[in-house]
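Novice: following is a predicted model, sequence given first.
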Amino acid sequence: MGNSFGKLVKKKVSLVIGSIYEDLSDLTILLNNLSSNLDYIDQIICVISGVDTNEKNIKLSNLQELVKTKIEIISFEKILMPGEARNIGILKSKFDYISFLDSHTFPNENWLSNSIKILDEKNLRGILGRTKYIALNPFEKCFISATYGFKPLFSIPGTLIHKKLLTEVGLFIPKNRSGEDVEWMNRSTLFNQNL
């Protein structure tokens, strides 16, 4: 719980980021722009698939230099589906809270402090992320208008959840290319209506 002085109670947070090697430049941008969120992250786990050469492994080692928090890089030669990558990160996490991003999601600079504040003030065990899709060209603008819309949607990227609640809800469906996130969010509301 928060205290009367408005200071957040420190929570130990593992950040899980799933990516494929081809998105390494986006992952690098993400890590470089975590800004003040790093003050609330105790462990970063990057699960990167499609790493099939020694040269690619060497490039991955450069990620260690980007942030002050130690990055644990777990690489796979085969391409992993998003749920499987998240599950691997969850199982490697060492702390009580787990947060999620992906290589294409860029959080606000006070994403984690705001999430922790909401958890404390409302006495919650988890908070779902909200993602706003931004078009980079006219085609994407039409696509977003016809599908997601321009309002923020609930999402796994940006989610912060207590590990015990995550254990109760269960892991992500590992072999689905898409939809595993919506299935998990629907399942999570059965375990905790206030998520």
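Specialist: Noted; the coordinates are in hand.
Novice: alpha carbons only: can I get the helix or strand harbouring residue 145 in PDB?
Specialist: Counting by DSSP states H and E, the secondary-structure element that holds residue 145 is helix 138-146. Only the C-alpha atoms of helix 138-146 are listed here, as PDB (Å, rounded to 0.1, in the frame of the first residue of the first chain):
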ATOM      1  CA  PRO A 138      -1.800   6.200 -44.900                       C
ATOM      2  CA  PHE A 139      -2.300   2.400 -45.300                       C
ATOM      3  CA  GLU A 140      -1.700   1.800 -41.600                       C
ATOM      4  CA  LYS A 141      -4.100   4.700 -40.800                       C
ATOM      5  CA  CYS A 142      -6.900   3.000 -42.800                       C
ATOM      6  CA  PHE A 143      -6.100  -0.400 -41.300                       C
ATOM      7  CA  ILE A 144      -6.200   0.900 -37.700                       C
ATOM      8  CA  SER A 145      -9.400   2.800 -38.500                       C
ATOM      9  CA  ALA A 146     -11.000  -0.400 -39.800                       C
END
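Novice: paired strands for the helix or strand following it, with orientation please.
Specialist: Later in the chain than helix 138-146, the nearest helix or strand by DSSP H and E is strand 153-162. As defined by DSSP bridges, the strand partners of strand 153-162 come to strand 97-102 (antiparallel), strand 126-131 (antiparallel).
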